[in-house]
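In: got a sequence here, can you build the structure:
(one chain, ligands or ions: 1)
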Amino acid sequence: MTDPVEQQDYSRLFRLDGRRAVVVGAGSGIGRESALALSAHGADVVCADRDLAAAEGTVALGGGSAAYLLDVTDADAVARASRELDPVDVLVFTAATNVRKRLLDYTTEEFDRVVGLNLRASFDLVRAFGRGMAERGRGSIIGFSSIRSVAVEPGQGVYAATKAGLVQLLRTAAAELGPSGVRVNAIAPGVVDTPLTAQIRANPEWYQAYSSKSALGRWSHAHELAGAVVYLASDASSFVTGSQLFVDGGWTAVDGRYTPPA
Ligand SMILES: NC(=O)c1ccc[n+]([C@@H]2O[C@H](COP(=O)([O-])OP(=O)(O)OC[C@H]3O[C@@H](n4cnc5c(N)ncnc54)[C@H](O)[C@@H]3O)[C@@H](O)[C@H]2O)c1
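Out: Below you'll find the predicted structure:
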């Protein structure tokens, strides 16, 4: 005989009451909207960013209870944050950078800067916050990859490599921390209207080409990533780990070179 199925209260499926979330990169773009959405679902959110005033701006909008100054390229500061903010149930990290340049033109300094923030700092965050989560037997870690983790174009080589690397890092963390009750997932946005993509929006041809690539025929707004964050943070995704959730308007589903007359 199997155990009786427990009656679920689906009205609370996405609620995060009583949970502490740390959003790194909460001062801008997707991180800010993530903090606002997690807060709206009941989480106690700490808004971390290297730009403290920006993080405070998110708190002022209702995105959390505290702002926290953190430069994630400083490994000691990341370790200190994990101790000072303990216990953390949900870690979301969005901080990343891009230098759009062809490989032959890339400098070693640029390579180190992009890898240092996008990959190395992500590694430090997962290690620092994952340890406490594993000890407590629960937690959800959410990192931001990109459509560039699977589809590239000239000028995106190093960024794409960091995002593909991040996905494999998070999958491995899912494998290693899963037995301790910690889930680890990636969200892959398409093109989102944030400061990170200001260079593209400043060029009408580039902007338009990206609009028409996705199935939905437009860019997304940062707030359209918030649902995926709340989902992966909450018990609505209690059996989801090691996954990459594409929130890309169908960018990676559609070839897009040509619409046949059929
Ligand atoms: N915007 C897009 O079109 C897009 C597309 C695909 C993937 N993504 C990914 O989504 C994530 C969020 O992007 P966004 O567009 O919201 O970026 P954003 O530039 O708007 O925000 C990034 C935030 O991170 C903070 N930050 C930067 N360096 C930091 C550091 N060293 N320590 C702490 N905080 C730091 C910044 O101050 C800023 O508040 C990134 O990982 C990005 O690669 C974005």
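
In: contacting residues for the residue of the chain found nearest the ligand?
Out: For the chain, the nearest residue to the ligand under the criterion Cβ to the nearest ligand atom is Gly29, separated by 2.4 Å. Yep, even glycine has a C-beta here, placed from its N, CA and C like the rest. Contacts for Gly29 (Cβ atoms under 8 Å, 6 or more residues apart in numbering) come out as 94, 192, 194-196, 222.

In: and the furthest pair within these?
Out: Maximum pairwise distance among those (Cβ to Cβ): 11.7 Å, between Thr94 and Pro195.

In: mind checking the SS state of Val23?
Out: Using DSSP: H, G, I helix; E, B strand; the rest coil, the structure places Val23 in strand.

In: that one and Val240: what is the separation?
Out: Distance check for Val23 against Val240: by Cβ to Cβ, to the nearest Å, it reads 19 Å.

In: which one of the two is surrounded by more residues?
Out: When neighbours are counted by other Cβ atoms under 10 Å, Val23 and Val240 differ, and Val23 comes out ahead with 36 against 14.

In: isn't that one right up against Leu36?
Out: No. Applying Cβ atoms under 8 Å as the test, Val23 and Leu36 come out as separate, 9.5 Å apart.

In: please identify every residue contacting each of these two.
Out: Counting by Cβ under 8 Å, 6+ apart, the residues touching both Val23 and Leu36 are Gly63.

In: how about the residues of the stretch 101-250 of the chain near the ligand?
Out: Within the stretch 101-250 of the chain, the positions adjacent to the ligand are 117, 144, 146, 189, 191-192, 194-197, 222 by Cβ under 6 Å from any ligand atom.

In: which of those fall within helices?
Out: Using DSSP state H, no member of those sits in helices.

In: biggest separation within these, which pair?
Out: Leu117 and Val191 (19.8 Å).

In: check what pLDDT Asp3 gets.
Out: We have a pLDDT of 69 for Asp3.

In: which residues touch the closest residue to Ala21 other than its chain neighbours?
Out: Once flanking residues are discounted, Ala21 sits nearest to Val90: 3.8 Å by Cβ to Cβ, 6 or more residues apart in numbering. Val90 sits next to 16, 19-22, 38, 43, 139-142, 233 when contact means Cβ under 8 Å, 6+ apart.

In: mind giving me the packing neighbours of the top strand by length along the chain?
Out: The strand that spans the most residues within the chain, counting by DSSP state E, is strand 182-189. If contacts are counted by 3 or more Cβ pairs under 8 Å, 6 or more residues apart in numbering; DSSP states H and E, strand 182-189 sits against helix 121-136, strand 139-144, helix 157-177, helix 226-233, strand 244-247.

In: return the most buried member of the ones you listed.
Out: Stretch with highest mean neighbour count among the helices and strands packed on strand 182-189: strand 139-144 (a mean of 26; mean count of other Cβ atoms under 10 Å).

In: quick one: list the elements packing against that one.
Out: strand 90-93, helix 121-136, helix 157-177, strand 182-189, helix 226-233.

In: that one: partners in the sheet, and parallel or antiparallel?
Out: Using DSSP bridges, the strands paired with strand 139-144 are strand 90-93 (parallel), strand 182-189 (parallel).

In: distance of Leu69 relative to Ala151?
Out: The gap separating Leu69 from Ala151 is 35 Å, by Cβ to Cβ.

In: likewise Ala198?
Out: 22 Å.
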